[in-house]
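Chemist: here are the coordinates; sequence isn't available:
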């Protein structure tokens, strides 16, 4: 049983570019959340997707957007990249939007913005 | 807003030593509390949790007790192993906020022979 898978594992972009990160949830899970983990910091919640809709959002600007597909996989899009967007982006999946079930995290995508 | 404060690392211990990693939180109401562990190159893994005051979470020899009076959730283990070397994150989740976890900054543990 594959866990949460994220792609790509590493990515290098330049300021002003746009980036798309992808996540496939663990089998049987229908809810996906995204987190940003800057170097030496704890993860920060970006948003949660359930039933193809954004259900909750953290304190991130509109440059951060997402999508969930009918097969429950998800994308995170970041527009107009800034140097400060360099971080490890983590995807987490669970069953049900209420958060009562355990979250499973992927290994992340390391984004470097030059 | 909600916040979690962890002790600074790294924490360096010899194998079989006693471990304590301090965690305190600021939050309204009655959040659930968690410890996650991150091994090198891997995603976060749930280590243990507690959902109400005086609950004790435990797993793999690690324990933490939800202390509402001191707003703390300190992680302890009686005898650490080299394989416990990792970064440990304390986190909280408010009731009704689904998968929105608020994390501390993490504490790196290094266990040597």
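Modeler: Arrived safely. Bear in mind that the values here come from a model prediction, so they are computed numbers and not experimental data.
Chemist: contact partners for the spatially most central residue of chain A?
Modeler: The C-alpha lying nearest the average C-alpha coordinate of chain A belongs to residue A:34 (Cα atoms, centre = their mean; 3.1 Å). Contacts for residue A:34 (Cβ atoms under 8 Å, 6 or more residues apart in numbering or on different chains) come out as A:23, A:45-48, A:66, A:74, A:76, A:89-92. Where you see a C-beta, it was placed from the backbone N, CA and C, and this is true even at glycine.
Chemist: same question, residue A:88
Modeler: Listed by Cβ under 8 Å, 6+ apart, the contact set of residue A:88 reads A:36-39, A:108-111.
Chemist: for it, phi and psi?
Modeler: For residue A:88, the backbone dihedrals (degrees, to the nearest 10) come out as phi -90, psi 130.
Chemist: list the beta-bridge partners for it.
Modeler: With DSSP bridges applied, residue A:88 shows beta-bridge pairing to residue A:37, residue A:110.
Chemist: just the pLDDT for residue B:42.
Modeler: With respect to pLDDT, residue B:42 scores 84.
Chemist: what's the helix or strand for it?
Modeler: Using DSSP states H and E, residue B:42 is not contained in any helix or strand.
Chemist: chain neighbours aside, what residue packs nearest to it?
Modeler: Closest residue in space to residue B:42, ignoring its immediate chain neighbours: residue A:107 at 5.7 Å, by Cβ to Cβ, 6 or more residues apart in numbering or on different chains.
Chemist: in three-state terms, label that neighbour for me.
Modeler: Following DSSP: H, G, I helix; E, B strand; the rest coil, the label given to residue A:107 is coil.
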